[in-house]
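**Q** I'd like to go over a predicted model; first the sequence, then the structure.
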There are 2 protein chains.
Amino acid sequence: MLQSLLFTKTRKDAPKDEVSKNADLLIRAGYIHKEMAGVYSYLPLGLRVMNKIVGIIREEMNAIGGQELSLTALQDKNLWEKTNRWSDEVLDVWFKTTLKNGTEVGLGTTHEEELTNLMKDFIHSYRDLPIYAYQFQTKFRNETRAKSGIMRCREFLMKDLYSFCRDDKEHAVFYEKAKQAYVNIYNRIGIGDITYITFSSGGTFSKYSHEFQTLTEAGEDSIFVDEKKKMAVNKEVLNDEVLNDLELKRENLVEKKAVEVGNIFSLGSKFSDALDLTYSDEKGNKQKVIMGCYGIGPGRVMGTVAEVLSDDKGLVWPESISPFAIHLISIEDKEGKVLTSANELYNRLIASNIEVLYDNRDVRAGEKFADSDLMGISIRVIISEKTLKEDSVEIKHRSSGVIEMLKITEFLSKFLK
Amino acid sequence: MLQSLLFTKTRKDAPKDEVSKNADLLIRAGYIHKEMAGVYSYLPLGLRVMNKIVGIIREEMNAIGGQELSLTALQDKNLWEKTNRWSDEVLDVWFKTTLKNGTEVGLGTTHEEELTNLMKDFIHSYRDLPIYAYQFQTKFRNETRAKSGIMRCREFLMKDLYSFCRDDKEHAVFYEKAKQAYVNIYNRIGIGDITYITFSSGGTFSKYSHEFQTLTEAGEDSIFVDEKKKMAVNKEVLNDEVLNDLELKRENLVEKKAVEVGNIFSLGSKFSDALDLTYSDEKGNKQKVIMGCYGIGPGRVMGTVAEVLSDDKGLVWPESISPFAIHLISIEDKEGKVLTSANELYNRLIASNIEVLYDNRDVRAGEKFADSDLMGISIRVIISEKTLKEDSVEIKHRSSGVIEMLKITEFLSKFLK
C-alpha cells in the first residue's frame, strides 16, 4: 500500500486521556482510535495486526480439531437464569437492554450458556462426542475501571473455545492439547519467553485453572514465578498446600507483575447439568457431558505486545504479526531517479504478494524514519541515491536495530522465494 | 473436512417457529441456529458461506480504494445528539444500555456519526482527501417484526463503506464506481441476473438513492421493474416526475416483490456539517466534506441466495460461495475397497488445498444423497464400486443436476490445476 494513500497519520503529541503505554503508542501511530474509556476502534494498521493474531490463533485451534462458528451478542435471559448467572450481583459486568416488546436481554460477556444450549440440538449419543467448537466474537463487559488501553476493554474481540467430552479422561487429554496450543500461540506471536503458565483457582470442578501470564509492569496481576521450571502461581492462590501440590519451593519464587493473556478452565458438568445437556453411552445410559473453556483476547495480546516489545522510539512488531512485512522508504534525490527505482521495486514486491507499506510521501527523510520507528513494521527497506550507487537497498530490522546493505537482486531473491 | 467429525447434523423436521424458507432450510441443513427472533448463530457451514461472501465484498471494496477498519458497537450519545438521531422517536430501532457510572450508551445501528467524528483526527487539508473507509461490523437494530429468517435481524453483520470527498464532482465519480462494484458483487455471488438497481428516495442531499433489489416473493419491498432497461423504481417513490426523470414508461413496468440486498446513498454534508468535519482547500479556505454511504449485509445476501436459488430438495450454493468446493461421497462396498480409494482421493484433494467435505459416515447411500441435496454444496463427487470399475468418479452439479462420469485422473487434473 502507498503510504500517501493511508488515511491515518502519526501524531507527535500524546493523547490527553490515556495513562497506558500501549494506547498511547497505538493511538500516536494510527493503529487505534478511542471512542470512550475501554472502547477502541481498530484503524487499518491496527486491524491488520489484529487479523494476523487471529490467523495464528485460528491455525492453532484448527490443528487441535476446533470447529469455528459464530455465536451472538444478544443473550436470552432464560438460559442465564438456569445457570444462576443472570443477576448483576453474581455477574457484575453485564450490559443489559430490552427488546421492543419489553423482554430483557443481555450482551454476551462469555458464551457457555448459549453454546451449551445450542449443543442440545447436536449431542445425543456418545458417537456425537467429543466436540471442540470455537469462535472469534465481540464480548461486552461493563468494567468500572478501563484505564489499561486495549488490555482491558468494555467491548473486545475474544477467541473462546469450548470442549464437550464424554468423560474426565477424554477431557484431560484435550485440555493438555489446548495448553500446548496456547504455548504455540505465544511463541509464534513473539512473547513466549516472557509468558508463564500460571496456576490459578479452579472453581467447583477442578482444583486449578491455568492462566497464561505475560510479565509486564503494566499488568494488573501479581504472580510468583519459578524461572527455572518456567511455571508460576497466581498470588491469589499461593499457599503451602499449592506449593506442595506443584512441587515448588517458596525460595525459588519471584513476585512479578503480569497481564493475563489467556486462560483455560475445566468446567466439569457445571453448565451441562444446569442446561440439561447429556448423552447416551454405549449401553443407552444417560451420562454427563464434561466441558472445558479456553479463552484468549487478540486485542489484549496486541496491547501486551505493544506494551512489552516497544522501545522509546515506538512500536516493535514481531514479523509474525507486523501489519506489513516490509516498510519501503524512498529517500529522494533531485533527478527523481530514486523514485523510479523505488516504484519499480514496490511493484515487483506487490506483484509477488508481499505486504509492503511504501512511504512515497514527499517529506523529509528524518520524518519518514521517525514515523517508521513509531509504526514499528518489522523490516525497513531504504532505497536512496547512496544505496542505488551500489545497486543495493539498506535493510534495518526494527527489533534488533541491525542494519545490512543488500544488492537489490539478493534482496529480491530472499523475499520473493 | 470429514463429515463424521462435523458436529452439526441435518434434520428432517422443520423448525417450529420459522415462517421463512431461508431459515427453515438453513436450520435443517445445520448452517444457522436460532437464539431468539431475529438473532441467529452461524454454525461452521454457515460461517463458511458468510466468509466467502465477506471475501468477495472485501475484494470489490479494496479494488475501488476502500481501506478496512473496525468501529465499535458501543456508541457515544453525544455524537448522536449532534446529528439529532439519539431520540427513539427519530431512530426507532435503538438498543440502549448504560455504563456502570450511569452514562447512557447506544448499540450501533449504523456508523456515520462515529466515523465522521473519527475522521476529524485525520482530515484537515485537501491533501487528505478523498478517503474511502469500510468495515464489516455487527449492527444492532431493535426490530419489531423479525420473521424473515436471516433476511431481517436484530443483530447482523454489515459491510458499510463511507466516502469522504472534496466536492460533489469527486463524490459523483466515486459513487458510480461503488455502484459498479455492487453490480460485480451480486454477479459474483450468483444473483446478478435477478438483482435490479432500484431508484429510491434520496433524502436532503440528493434526489435519489440506489437500492439493489433481488426479486423474490419473500421480499418485503415492492418495486416496478423495466426488464429491458434492467432498471427499477421503488414503489415508494414512483410518480410521473420520477418516470420522466428516469426516462421510463409506466407501460413497460412490472410490479415485483423484492428484497433490498444493498443500498448506496449520497449524504452531502449532512453529517460533516453536524459534526464539524471540514478541510482547508488549496487557498486555505474552509470547505465542506462531501460524504456517501454504501451498505450491504452479508447475512441478508446469504439468506436471499438460500431463498431464491434453493429447490425442493434443499439449498443450492453457487460455486463462489459454496461452503466447500466439493462434497465427496463414498458408497461402500463389502470389501472396503471403495473406502481405501475414497480416502486416497480425499487426501490428494486436501493436500492440494481443495476445500472438501468428505462424507465418510457409515450410513445408507440414500441418506448421504438426501443430506447432500439439503446442504447444497455446488459439486458432488461420488465414488462407488460402480465408478471404480471404470477408474472414475461421478460428478453431479447441484445447480443444474447435470451428471458426468470422469476418469479419476481427469477429475484430478481438472481440480488440481
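**A** In hand now; what should we look at?
**Q** list phi and psi for the residue nearest to the spatial centre of chain A.
**A** Geometric centre of chain A, nearest residue: residue A:298, 2.2 Å, by CA atoms, centre = their mean. Phi and psi for residue A:298, reported as degrees, to the nearest 10, are phi -60, psi -40.
**Q** so who does it touch?
**A** A:50, A:53, A:54, A:57, A:136, A:157, A:158, A:159 (CB atoms under 8 Å, 6 or more residues apart in numbering or on different chains). For glycine as for every other residue, the C-beta is placed from the backbone atoms N, C-alpha and C.
**Q** keep the residues you listed, but drop any that are not near chain B.
**A** residue A:50 (CB under 8 Å from any CB of the partner chain).
**Q** now the contacts of residue A:298 as CSV including pLDDT and neighbour count?
**A** Output for those, formatted as CSV (pLDDT from 0 to 100; neighbours: other CB atoms under 10 Å in any protein chain shown):
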residue, pLDDT, neighbour count
A:50, 98, 23
A:53, 98, 26
A:54, 98, 18
A:57, 98, 25
A:136, 98, 18
A:157, 98, 21
A:158, 98, 21
A:159, 98, 24
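**Q** so which of the contacts of residue A:298 are in strands?
**A** Of these, the ones assigned to strands by DSSP state E are A:136, A:157, A:158, A:159.
**Q** so the residue of the stretch 101-250 of chain A found nearest chain B bridges to which residues?
**A** Of all residues in the stretch 101-250 of chain A, residue A:131 sits closest to chain B, at 4.5 Å by CB to the nearest CB. Beta-bridge pairing for residue A:131 (DSSP bridges): residue A:164.
**Q** is it true that it touches residue B:9?
**A** No: using CB atoms under 8 Å, residue A:131 is not in contact with residue B:9, being 11.5 Å away.
**Q** for those two, list the residues in contact with both.
**A** What both residue A:131 and residue B:9 touch, as defined by CB under 8 Å, 6+ apart, is the set residue A:122.
**Q** so those two - more neighbours on which side?
**A** residue A:131 (22 against 14; other CB atoms under 10 Å in any protein chain shown).
**Q** what's near enough to touch the more buried one?
**A** A:67, A:119, A:122, A:123, A:163, A:164, B:7.
**Q** in space, what's closest to the third one - neighbours in sequence excluded?
**A** Yep, that's residue A:122 we're talking about. residue B:7 (5.4 Å; CB to CB, 6 or more residues apart in numbering or on different chains).
**Q** and the one you found, how close does it get to residue B:1?
**A** Separation of residue B:7 from residue B:1 (CB to CB, to the nearest Å): 11 Å.
**Q** give the residue from the two that has the larger number of neighbours.
**A** Taking other CB under 10 Å, residue B:7 and residue B:1 do not tie; residue B:7 has more neighbours (21 against 18).
**Q** pretty sure the more buried one sits against residue B:33.
**A** No: using CB under 8 Å, residue B:7 is not in contact with residue B:33; the gap is 11.4 Å.
**Q** where does chain A dip in pLDDT?
**A** A:417 (pLDDT under 70).
**Q** any idea how it splits into domains?
**A** Domain assignment for chain A by automatic domain parsing gives A:21-309, A:324-415.
**Q** and the strands in the stretch 101-250 of chain A?
**A** A:104-107, A:131-140, A:155-165, A:195-201, A:208-215, A:221-226, A:231-234 (DSSP state E, counting those that start in this stretch).
**Q** no more questions from me, cheers.
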